[in-house]
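Engineer: Sequence and predicted structure below; questions after.
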Amino acid sequence: MQLISRILRVAAAGGIALGLSVTAAQADAIEDRQAAMKDVGKSMKALAAMAKGEAEFDAAAVKSNADNIAAKMDAAKALFPDGSDKGAKETWAKAEIWTDKDTFLAIMDDGIAAANAVAAVGDMDALRPALGGLGGKGCKACHEKFRRPKE
Amino acid sequence: MKNAAWGLLVIVLIAAAAGLYISHPRPLYPSSLTAHTPDPENGKKLFIAGGCLSCHKPDKGNAAADKTIPSGGHGLHTPVGTFYPPNLTPDEKTGLGGWSQADFVNAMKRGLSPAGEHYLPAFPYTSYAAMTTGDIRDVFAYLKSLPAVASETRAPGIPLVWVVRRGTGLWKAVAFSDRTYQPDAAKGQSWNRGAYLVKGPGHCSECHTPRNLLMMPDMDRYLAGGPHPEGGKDKVPSLRDLIGRKRYKDGKDLVSAFQWGEAFGYDKLSSGGMGAVQENLSKLPEGELAAIAEYLTSLK
């Protein structure tokens, strides 16, 4: 009897520990993906400044920012694990991400492809349409469908 | 006891008669429309500003339909039920082909169908009523210039719709005004233009202003954000103090957001249905967008 109760206690403790680590992983996922998206936003702003004519066109800077966007979006694909639809930190991710994961990941891939197209841009004339592709097929397509409006 | 029952019956009958009287549709007389040379180009611009296509578009499943033409069929889901905004093309049988100008003005300014029924305010005539009759007639001229598409309008998926329509009549008696936008003489032309576009065709207030218990817009919290029209726990953001709250740098920045959206990293105009609104706005002339931005950024 004593043995059984001990096994049960160990199992319960293990279960709690497991539960805690899962919760911690989810909290991290929300935080990590928000940090990744924030970084994408920063690179977008840098690219937009050039497209608007507020900053000098610089092909090297276009490439490094677009590469950063593609890398962060690729990393973000793994940052929406099951169960991370809510957590300690507020998330604007919609439940549809998990019920329609194929569409979600397909849009992420479209976005990454569009970011790679931006990275290859060599002159100012090509920048705006390339950014339009990234903003439309990547950012907007996903935010329209899979993100709740922020207050 | 018997007297009390009779008294109650009389009160109920009087209340019912008053309700029917108050909720009775009151269309304007066609003869009140003065001479007007319609300008379909102006109508097209207002059609875009009003985002008419976003609700009156064909159903996604209808692959053969031209998505740029408001032939209807797309379902609009609300907590009350599903609406199917009708066909606005000039098709004789299923569209506006048989409509007169007075019919269209009644729809936009009074919220009444040609048969004299109250439209439910999912059709935002509550805002469109602030438009000038001339502008409304220009929109009609633009719609009449579109190719006619046969597309039968589906009845709304709403229980007891007759009762709801009469209830809407009662609600309109307290909550609705067909008063045209009156310019504020203390403000400039561009500010007034912006206010007109926001309050009238743009119908921004329908979602961005919260409502009170009578479902009337709470004007103390005008454009201060509210619950999402599709229900659920999503919120529609406030449009007040956009600069002070660092949502945009200045009016020019907001114009740029309207025009470019996510292509320039403006990520706030995509979610919750604003994606379609931004697409519509991006098609407006820059002067109109600057007017909207001047007005919105002036709201503290």
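Structural biologist: Everything's here; your move.

Engineer: Run through the residues of chain A sitting next to chain B.
Structural biologist: Within chain A, the positions near chain B by C-beta under 8 Å from any C-beta of the partner chain are A:41, A:44-45, A:47-48, A:51-52, A:92, A:128, A:131-132, A:134-136, A:138-140, A:143-144, A:147-151. Every residue, glycine included, has its C-beta placed from N, CA and C.

Engineer: Show the pLDDT at residue B:79.
Structural biologist: With respect to pLDDT, residue B:79 scores 83.

Engineer: follow-up on the earlier one: can you tell me which of the residues of chain A next to chain B are in helices?
Structural biologist: Under the assignment DSSP state H, the residues of chain A next to chain B contribute A:41, A:44-45, A:47-48, A:51-52, A:128, A:131-132, A:143-144 to helices.

Engineer: next SSE after the helix or strand containing residue B:47?
Structural biologist: Using DSSP states H and E, residue B:47 falls within helix B:40-49. Per DSSP H and E, the first helix or strand lying C-terminal to helix B:40-49 is helix B:52-56.

Engineer: Output that following helix as CSV - backbone C-alpha positions only.
Structural biologist: The C-alpha trace of helix B:52-56 is given here as CSV (Å, rounded to 0.1, in the frame of the first residue of the first chain):
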residue,chain,number,x,y,z
CYS,B,52,-20.5,49.4,-50.3
LEU,B,53,-18.8,46.5,-52.2
SER,B,54,-17.4,45.0,-49.0
CYS,B,55,-20.9,44.0,-48.0
HIS,B,56,-22.7,43.8,-51.3
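
Engineer: contacts for it?
Structural biologist: B:47, B:68-72, B:74, B:76, B:85-88, B:139, B:276-277, B:280 (C-beta atoms under 8 Å, 6 or more residues apart in numbering or on different chains).

Engineer: name the helices or strands packed onto the lengthiest helix in chain B?
Structural biologist: Assignment by DSSP H gives helix B:2-22 as the longest helix of chain B. The helices and strands touching helix B:2-22, judged by 3 or more C-beta pairs under 8 Å, 6 or more residues apart in numbering or on different chains; DSSP states H and E, are helix B:161-175.

Engineer: Swap in 6 Å and give it another go.
Structural biologist: Using 3 or more C-beta pairs under 6 Å, 6 or more residues apart in numbering or on different chains; DSSP states H and E, no helix or strand is in contact with helix B:2-22.

Engineer: one step back: the helix holding residue B:47: how far from the chain's middle?
Structural biologist: Here helix B:40-49 is found 15 Å from its chain centre; the criterion is C-alpha atoms, centre = their mean, to the nearest Å.

Engineer: which parts of that helix are buried?
Structural biologist: Using 16 or more other C-beta atoms under 10 Å in any protein chain shown as the test for burial, helix B:40-49 gives B:40, B:42-49.

Engineer: Who are the contact partners of residue B:79?
Structural biologist: Applying C-beta atoms under 6 Å, 6 or more residues apart in numbering or on different chains to residue B:79 gives the contacts residue B:231.

Engineer: Okay, it and chain A: tell me how far apart.
Structural biologist: The gap separating residue B:79 from chain A is 17 Å, by C-beta to the nearest C-beta, to the nearest Å.

Engineer: how about the helices in the chain?
Structural biologist: Answering for chain A, as no chain was given. Taking DSSP H, the helices of chain A run over residues A:2-52, A:59-76, A:96-99, A:101-119, A:124-133, A:141-146.

Engineer: think we crossed wires, I meant chain B
Structural biologist: B:2-22, B:40-49, B:52-56, B:101-105, B:125-128, B:133-144, B:161-175, B:189-199, B:205-208, B:251-260, B:274-281, B:286-297.

Engineer: For these, give me JSON lines that also has mean pLDDT.
Structural biologist: Listed next are those as JSON lines, based on pLDDT from 0 to 100:
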{"stretch": "helix B:2-22", "mean pLDDT": "87"}
{"stretch": "helix B:40-49", "mean pLDDT": "98"}
{"stretch": "helix B:52-56", "mean pLDDT": "96"}
{"stretch": "helix B:101-105", "mean pLDDT": "96"}
{"stretch": "helix B:125-128", "mean pLDDT": "98"}
{"stretch": "helix B:133-144", "mean pLDDT": "98"}
{"stretch": "helix B:161-175", "mean pLDDT": "91"}
{"stretch": "helix B:189-199", "mean pLDDT": "98"}
{"stretch": "helix B:205-208", "mean pLDDT": "95"}
{"stretch": "helix B:251-260", "mean pLDDT": "97"}
{"stretch": "helix B:274-281", "mean pLDDT": "95"}
{"stretch": "helix B:286-297", "mean pLDDT": "98"}
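
Engineer: nearest to residue A:63, of those?
Structural biologist: helix B:251-260 (21.2 Å; C-beta to C-beta).

Engineer: for that closest one, packing partners?
Structural biologist: Going by 3+ C-beta pairs under 6 Å, 6+ apart, helix B:251-260 lies up against helix B:286-297.

Engineer: For the helix it packs on, buried residues please.
Structural biologist: B:288-297.

Engineer: ok, now stretch B:174-185?
Structural biologist: Across stretch B:174-185, burial judged by 16+ other C-beta under 10 Å covers B:175-176, B:178, B:180-181.

Engineer: Between the residues you listed, which sits nearest residue A:119?
Structural biologist: residue B:181 (48.0 Å).

Engineer: Not counting sequence-adjacent ones, nearest residue to the residue positioned nearest the centre of chain B?
Structural biologist: Nearest to the geometric centre of chain B sits residue B:124, at 2.4 Å (C-alpha atoms, centre = their mean). The shortest distance from residue B:124 to any non-neighbouring residue, by C-beta to C-beta, 6 or more residues apart in numbering or on different chains, is to residue B:203 (4.2 Å).

Engineer: Does that neighbour touch residue B:127 like I think?
Structural biologist: Yes. With contact taken as C-beta atoms under 6 Å, residue B:203 and residue B:127 are classed as touching, separated by 3.5 Å.

Engineer: And the residue lying closest to residue B:277 once chain neighbours are set aside, how far from chain A?
Structural biologist: Nearest residue to residue B:277, sequence neighbours excluded (C-beta to C-beta, 6+ apart): residue B:51, at 5.8 Å. Residue B:51 sits 15 Å away from chain A, going by C-beta to the nearest C-beta.
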